[in-house]
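**Student:** Sequence first, predicted coordinates after that:
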Amino acid sequence: MKNLVIVESPTKANTISRFLGSQYKVESSYGHIRDLPQKKLGVNTRKNFEPEYVIPTKAKKIVKKLKDLAKGANKVYLATDEDREGEAIAWHLKKALKLAEKNTERIAFHEITKVAILSAIKKPREINLSLVDAQQARRILDRLVGYKLSPFLWRKVTSGLSAGRVQSVAVRLICEREKEIQKFKPQEYWTIIASFLKRKLEFKAMLIQKDNKAIARLGIQNKKEANKILQDLKNATYKVASIAKKEIRRKPFAPFTTSTLQQAAVQHFGFPVRLTMRLAQTLYEGIKIGEKEATGLITYMRTDSTNLATQAIKEIRQVIRKKLGASYLPEKPCFYKTKTKSAQEAHEAIRPTFPSLAPEKIKSYLDPRQYKLYELIWKRTIACQTKEAIIDATAADIQAKKYLFRANGTVIKFDGFLKIYPASATESYLPRLKKNEILKLVQLTPEQHFTEPPARYNEASLVRVLEKYGIGRPSTYAPIISTIQDRGYVRKIEKKFHPQQIGIVVNDLLVKHFPKIVDIHFTAKIENELDEIANQKKEWVPVVREVYDPFIKNLKTKEMEISKKEITEQKTNKKCAKCGKEMVIKLGRFGKFLACTGYPECRYTEPLGEEKILAKELSGEKCEKCGKEMVVRQGRFGPFLACSGYPECKNIKSIEKKTGVSCPQCTQGEIVEKRSKRGRTFYACNQYPKCKFALWSKPTGKKCERCDSLMVYGAGGTEVCSNKECGNTQKVV
């Protein structure tokens with residue numbers, strides 16, 4: 001009789017099956033095989049929140065197959081992922097397949113390599129019910145909040161909305177940032193830059209002091225004040241007052257956790273968080289390298305620990321000695337303190353399973369995006385055990401009358417970890433200067449600046465702030481970001497999150513009437529309590545009750561207090577152009593609009609706000625079907641042109657957002673901004689369907705110097721070749 005090993009994915013099953021002998025059969029459960037029912041609450045709130053688990057229709061066939069295989073197996077090994085969700089899947093498998101205690105083993109591993117799998121088989125353990133309870137508590141809490149609050153939003157706002165315990169907090173963060181931006185008032189300020197020349201080397205110094213007092217960032221407030229300083233400095237002598245030198249040591253970055261990998265992938269490659277996790281999953285589950293058997297290339301990618309295994313550190317140090325030389329190898333290994341309070345220190349950071357497997361050795365076996373991510377992980381891992389970088393910093397203070405300028409220079413004395421993992425460490429050279437030396441002034445330049453509002457969140461900064469406040473966990477960041485976009489609460493424009501009207505209204509409603517549900521610190525407190533359940537410090541039922549009881553009591557009160565009109569309608573003085581009745585501002589699924597109070601007899605509507613401005617700009621465009629004026633309407637994917645003769649004439653057309661870049665494929669069309677069905681912005685030829693040329697990033701209008709393809713805007717102020725095979729990247733100056 002064979003032993004049965006059950007994992008979650010077929011790729012993982014294929015990889016593991018190659019490591020085990022003929023006495024083992026490895027099968028996939030294809031993810032979760034039991035869950036709460038879709039069409040009802042599925043939680044008995046009167047009976048200690050007892051869940052009702054069902055086998056989804058799509059999983060019934062695989063459950064039957066696994067049951068039959070388990071009956072004839074000598075032993076069943078549950079080899080699901082080494083986290084709470086993986087532990088819960090193992091528990092559900094045991095329950096759904098009705099596995100006997102005596103011949104069921106739980107095995108876990110952090111990497112899918114032959115050594116790790118064989119070691120896990122030799123050291124099986126029982127299912128950790130504390131981890132199962134923590135995951136079950138999370139699932140039940142999310143179900144209770146979502147299933148109770150979402151219908152409330154349907155009744156009080158509009159259909160199709162949803163609320164979630166964590167997603168609503170993410171929307172709140174984005175909405176509050178937008179309010180900060182709207183309230184922001186830019187302040188003017190000026191800087192004075194002096195340019196000097198010595199031995200053909202020009203260098204610059206900034207004005208920092210006047211009358212021995214530091215000039216604050218906003219100290220020079222207008223052009224008049226700047227010109228007064230320029231006037232004072234006429235015919236001034238510029239003398240080196242002091243030279244200060246110091247050595248700066250930059251420590252290498254810690255190895256990747258889920259959060260830091262997601263952030264780095266956004267910053268380096270512009271990868272969305274969901275894409276990063278999908279690519280990491282394929283690298284973890286195994287890829288066939290040449291004639292060798294498929295093996296996992298990285299360790300488990302859902303982790304908040306920065307620990308590395310002792311054996312891994314030894315191998316990394318060997319790579320450093322061989323690849324970079326002994327001068328780059330510190331005497332002792334580097335250890336990193338995990339910043340996340342609830343990090344599971346028994347886990348490892350994300351690292352290559354074989355540090356000696358350099359990216360260039362396996363490039364031909366990976367697709368371009370897999371290769372980029374593997375190279376990033378490999379470089380970060382090797383760098384974390386490399387010596388720190390040493391930078392010589394020089395600050396020269398230059399006196400001119402009652403003013404003091406400062407010139408800064410930096411030179412990399414020893415590149416250390418920067419040799420393998422380049423980071424922002426630019427050099428700026430100063431010529432050799434001596435105290436009391438008189439310098440030759442080239443010019444004085446006053447520069448005008450304005451303070452800028454806080455930046456909107458992108459995927460990297462949103463993940464960073466979620467982690468900072470302890471909202472969600474490594475496995476939840478990608479689903480959170482996807483959900484808030486899919487629901488239409490936020491929209492990504494130029495890679496930044498913009499709250500949509502419906503998202504702002506829902507957020508305001510929740511903040512006002514359900515403050516605890518969207519309270520950042522309360523949400524973080526729940527996460528901490530889930531960790532305590534996992535660590536056997538708390539029972540899961542009291543934790544759920546502590547959240548649910550006050551929530552459901554408040555929900556019942558608000559159901560009676562709040563009317564839909566109060567939220568979704570606003571009176572106006574405007575009369576309906578068709579029937580003369582009053583118009584009101586209404587809130588729909590895709591934003592606010594003007595509607596006749598005579599509905600349903602009169603269905604006249606008008607666009608509102610920004611859409612009306614657009615309509616004024618587009619006045620004069622006639623419908624090609626009936627000749628009436630075209631007006632701007634707001635739809636799920638943004639504004640569009642519609643005939644004002646609706647409903648008699650239903651003609652619509654899109655509003656092209658032109659980029660001014662000609663299509664390189666058909667040469668006749670122009671690249672315009674478009675939206676995908678999932679709301680993602682992309683750029684395509686306006687001659688579609690004749691020409692199907694498309695890009696995910698905005699074209700710059702320039703051609704690549706290497707391959708003549710279009711250059712597009714990349715992450716971190718770069719321009720990148722749209723041809724993935726080329727890989728040309730240029731820093732925008």
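**Tutor:** All right, it came through fine.

**Student:** Show me the helices in the stretch 551-700 of the chain, by range?
**Tutor:** Secondary structure of the stretch 551-700 of the chain, counting by DSSP state H, counting those that start in this stretch: helices at 564-568, 610-617.

**Student:** Comparing the ones you listed by mean pLDDT, which bottoms out?
**Tutor:** If you rank the helices of the stretch 551-700 of the chain by mean pLDDT, helix 610-617 sits at the bottom with a mean of 40.

**Student:** does residue 602 really touch residue 576, like I thought?
**Tutor:** Yes - under the criterion of C-beta atoms under 8 Å, residue 602 makes contact with residue 576 at 6.1 Å. C-beta: built from backbone N, CA, C; applies to glycine.

**Student:** neighbour-wise, which of these two wins?
**Tutor:** More neighbours sit around residue 576 than around the other of residue 602 and residue 576, counting by other C-beta atoms under 10 Å; the figures are 19 against 16.

**Student:** Please enumerate the shared neighbours of residue 602 and residue 576.
**Tutor:** Residues touching both residue 602 and residue 576 (C-beta atoms under 8 Å, 6 or more residues apart in numbering) are residue 596.

**Student:** for stretch 621-628, which positions count as buried?
**Tutor:** Along stretch 621-628, these residues count as buried under the neighbour rule (16 or more other C-beta atoms under 10 Å): residue 623.

**Student:** Just the terminal-to-terminal distance for that stretch.
**Tutor:** Terminal residues of stretch 621-628 lie 9 Å apart, using C-alpha to C-alpha, to the nearest Å.

**Student:** chain center to stretch 50-60, what's the gap?
**Tutor:** Averaged C-alpha coordinates place stretch 50-60 at 31 Å from its chain's average position (C-alpha atoms, centre = their mean, to the nearest Å).

**Student:** how long is it from one end to the other?
**Tutor:** Length of stretch 50-60, first residue to last, C-alpha to C-alpha: 23 Å.

**Student:** all strands for the stretch 251-400 of the chain, in order.
**Tutor:** Assigned by DSSP state E, counting those that start in this stretch, the strands in the stretch 251-400 of the chain fall at 389-400.

**Student:** what separates the residue most central in space within the chain from residue 494, distance-wise?
**Tutor:** The chain has residue 459 as the residue nearest its centroid, 2.7 Å off, counting by C-alpha atoms, centre = their mean. According to C-beta to C-beta, to the nearest Å, residue 459 stands 13 Å off from residue 494.

**Student:** Please confirm that residue 407 is located within a strand.
**Tutor:** Yes - counting by DSSP: H, G, I helix; E, B strand; the rest coil, residue 407 is located in a strand.

**Student:** bridging residues for it?
**Tutor:** Legend: beta-bridge partners of residue 407 under DSSP bridges are residue 396.

**Student:** That one: neighbour count?
**Tutor:** Neighbours of residue 407 under the rule other C-beta under 10 Å: 22.

**Student:** which ones are touching it?
**Tutor:** Residue 407 makes contact with 196, 203, 204, 205, 206, 395, 396, 398, 430 under the criterion C-beta under 8 Å, 6+ apart.

**Student:** ditto for residue 12
**Tutor:** By C-beta under 8 Å, 6+ apart, the residues touching residue 12 are 28, 112, 285, 286.

**Student:** For the first one, give me its contacts.
**Tutor:** What it means is residue 28. Contacts here follow C-beta under 8 Å, 6+ apart; on that basis residue 28 touches 6, 7, 8, 9, 10, 12, 13, 62.

**Student:** Any of the residues you listed buried? List them.
**Tutor:** Members of the contacts of residue 28 that pass the buried threshold by neighbour count (16+ other C-beta under 10 Å) are listed as 6, 7, 8, 9, 12, 13, 62.

**Student:** Now tabulate these in CSV and tack on secondary structure, pLDDT and distance to residue 235.
**Tutor:** Formatted as CSV, the entries for the buried ones among the contacts of residue 28 read as follows, by DSSP: H, G, I helix; E, B strand; the rest coil; pLDDT from 0 to 100; distance: C-beta to C-beta, whole Å:
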residue, secondary structure, pLDDT, distance to residue 235
6, strand, 95, 85
7, strand, 94, 80
8, coil, 91, 77
9, coil, 89, 76
12, helix, 91, 76
13, helix, 91, 81
62, helix, 95, 87
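
**Student:** picking that back up, now for the contacts of residue 28, which pair is the farthest apart?
**Tutor:** 12 and 62 (14.7 Å; C-beta to C-beta).
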